[in-house]
Each structure stands twice: as structure tokens, then as C-alpha cells.
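Enquirer: Mind looking at a prediction? Sequence and model below.
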Amino acid sequence: MHPDDPSAQKLTDARPTTPSDDAASTERTIGRHRAAEPRRRALLGSTPVRVALATGVTCCLSLVAVATAQGNDDTPRTVEPLAEAVAERAAIADERASRSLDRDLAPARVLPSPTAKPTPSPTAVRKTPKKPVKPRRPRPVAGLDQAQMDNAKIIVDVGLEMKMPRRALVVALATAMQESNLYNLASDVLPESAQYPNQGSGSDHDSVGLFQQRPSSGWGTVAQLMRPSYAARAFYSALNEIPGWQDMSVTSAAQAVQISAYPDAYAQHEDRATTVAAALTA
């Protein structure tokens, strides 16, 4: 066949496809000259993309749930729990993504220290002084009034302080009953005696006080003898100087101390003096 024949040219152009041609075509299609495809996994693995996808899915699911709930009330609402779960996971992913290793440390919480109350100094504490308790006045007995009973108590208290026996208390009370009727008397002869607390006055020379003791006889000063406690102490001291007074009668023991013009007058007061002494020492 002649080369210029048109049919021969058609047969020449219709060459069969060879494997080499297919390989070359494939190389041109996916060869080194073509840019590589982007990494889809890395793009999907970034935190912002995940958050955006989770947010979009949450919105779509929420719309589906609302549409389903509005379209058919009899259909179980199973979409809402799923939407809540997706939203919760998206929030957790966002929270984790926001953390950084080089973030600023949160300031430490400082607990307020308890304020200690200042201890008051001893000088700052002022104690209210307690009012002195007045001694209880004894109840009168044996026909005495309150003033007489108060004086009798002084005589008994001084005797107990001096460790005098009960017999001495009776002798002293009987003597004071006879001499002053158990009143603290001043003397009209000594105007000075009226300057001190008294419960009346007498006129027997310069005798003063419960036992009518005379300053001129050495019993003490007027000021001293006008104090019932001093007068009682002076009487007990003189009684102790009488030998064997414990074996004497009340009248004899009193007379030995007082040297009175009426030595037998003390006996009449012995019973009352015994009653008073018992009441004040009970």
C-alpha cells in the first residue's frame, strides 16, 4: 500500500495504547509536579475547629429537637439529651484548650488571721470595791433593847478574843449591867466625855463608859474609856490579876475588880448575864 494512501495514514495514526503511555499519563496526573493534598486530619484536630464543629452540631441538633417537639408531641424527645451531651463536651474541650503551660499563676488565697483580743493590763481593770458587809446585830434577849444587846456583844467578843472562859463573860456582863445598865455613859463631871459617842451621862464622880471606870484611878484616858471595846479589855485584864477568881462567886469576882460601895449589888444580874452570854456564844 502506498504511503500516501489515506487509508494507510489512518491505520498508522490509530496506534494501540501501550502500558508505557498509561504510566506516563498517570505520572503527569499524580506526579511530582502536582501539589500535595492538604492534611485534613490536622485541620480537624485543631481546637478552634473542633469547638466550631461542636457548636454547629449543637445548634443543628437543638433546631431538630425543637422542630420535632413542635411537629409531633407524641414523639419521644430523645434529641435534647444528645444535644446537651454534645454541648457539655464542647464546653469541656474549650476549657481544656484555653489552658496554657505558661499561664500566670493564680494569686494564693490569703486567709484573714484571727484578730487577737488585747489582754487588758492589770492596771486597766478596775474592780468595783465591794461595800463592807455590816455585821448582823444580835437579837435582844433577857429584856434588853438593841443598844444594850449591841454593847453586850462587844463585851463578849472581847472576852472570846482574849480566850476568857464563859465564867468571865458572865462576871463582865453582870458588872456592866450594875454599873451602867449596859449603856455607854459620859460623865457630867467631865465635859470632855460628851465629845465622844455616848448613850447618856452619869454624875458619879469622873466615872465613864460601860464599867464606869475612872480616869483618875488609872484605868485610862477619857477617850479610851469611852470606847466600849477598850473598857471591856481593861476589865478582863484586871480580873485576870485576881488570884483564884474562877472559884469566886460572880459578886465577889466583880467586887474584887470594881471595889464598889455596894459589893452585893452584882448578884442580882447573874441570871440575866448568863442568858445573854449563852445567846451570844451559841
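Expert: Looks like it came in fine.
Enquirer: pLDDT at residue 212, what is it?
Expert: Reported pLDDT at residue 212 in the predicted model: 97.
Enquirer: now swap in residue 193 and tell me
Expert: 96.
Enquirer: Apart from its chain neighbours, what residue comes closest to it?
Expert: Spatial nearest neighbour of residue 193, chain neighbours left out: residue 186 (3.8 Å); criterion: Cβ to Cβ, 6 or more residues apart in numbering. C-beta coordinates here come from the backbone N, C-alpha and C atoms, glycine included.
Enquirer: now residue 170
Expert: residue 273 (4.7 Å).
Enquirer: could you list every residue that touches the one you found?
Expert: 169-171, 173-174, 177, 250 (Cβ atoms under 8 Å, 6 or more residues apart in numbering).
Enquirer: How about residue 140?
Expert: With Cβ under 8 Å, 6+ apart, residue 140 has these contacts: 146, 148-149.
Enquirer: Return the member of these nearest to residue 268.
Expert: residue 148 (16.1 Å; Cβ to Cβ).
Enquirer: That closest one looks like it's in a helix, true?
Expert: Yes - membership of residue 148 in a helix is supported by DSSP: H, G, I helix; E, B strand; the rest coil.
Enquirer: so the closest residue to it other than its chain neighbours is in which element?
Expert: Take residue 148 and drop its neighbours on the chain: the residue closest to it by Cβ to Cβ, 6+ apart is residue 182, 4.0 Å away. Residue 182 belongs to no helix or strand when assigned by DSSP states H and E.
Enquirer: Give me the distance between residue 182 and residue 172.
Expert: 11 Å (Cβ to Cβ, to the nearest Å).
Enquirer: more neighbours, the two?
Expert: Counting neighbours by other Cβ atoms under 10 Å for residue 182 and for residue 172 shows that residue 172 has the greater number, 29 against 26.
Enquirer: Relative to residue 190, how far out is that one?
Expert: Residue 172 is 23 Å from residue 190, where distance means Cβ to Cβ.
Enquirer: Any idea how many residues pack against residue 243?
Expert: For residue 243, using other Cβ under 10 Å, the count is 9.
Enquirer: oh, I was asking about residue 265
Expert: Residue 265 - counted by other Cβ under 10 Å - has 18 other residues nearby.
Enquirer: what sits against it?
Expert: Contacts of residue 265 (Cβ under 8 Å, 6+ apart): 178, 251.
Enquirer: Which pLDDT value belongs to it?
Expert: 94.
Enquirer: With the one 10 residues further on instead?
Expert: On the pLDDT scale, residue 275 is placed at 98.
Enquirer: Next: residue 235.
Expert: So, for residue 235, pLDDT stands at 98.
Enquirer: mind listing what's buried in the helix or strand harbouring it?
Expert: Assigned by DSSP H and E, residue 235 belongs to helix 228-240. Residues of helix 228-240 classed as buried by neighbour count (16 or more other Cβ atoms under 10 Å): 228, 230-236, 238-239.
Enquirer: What residues sit buried inside stretch 174-183?
Expert: In stretch 174-183, counting by 16+ other Cβ under 10 Å, buried: 174-180, 182-183.
Enquirer: Present the contacts of residue 273 as CSV; the columns should include distance to residue 217 and pLDDT.
Expert: Shown next, in CSV, are those (distance: Cβ to Cβ, whole Å; pLDDT from 0 to 100):
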residue, distance to residue 217, pLDDT
169, 24, 98
170, 24, 98
171, 19, 98
173, 22, 98
174, 21, 98
177, 21, 98
250, 22, 96
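Enquirer: Pull the most distant pair out of those.
Expert: 169 and 177 (12.6 Å).
Enquirer: how deep is residue 135 tucked in, by neighbour count?
Expert: For residue 135, using other Cβ under 10 Å, the count is 9.
Enquirer: and if you look at residue 196?
Expert: Residue 196, neighbours per other Cβ under 10 Å, totals 16.
Enquirer: do you know how far the residue lying closest to it once chain neighbours are set aside is from residue 272?
Expert: Sequence neighbours aside, residue 226 is the residue nearest to residue 196 in space, at 4.0 Å (criterion: Cβ to Cβ, 6+ apart). To residue 272, residue 226 is 25 Å away according to Cβ to Cβ.
Enquirer: quick one on the thing from earlier: can you tell me the helix or strand for the residue nearest to residue 170?
Expert: With DSSP H and E as the test, residue 273 turns up in helix 270-280.
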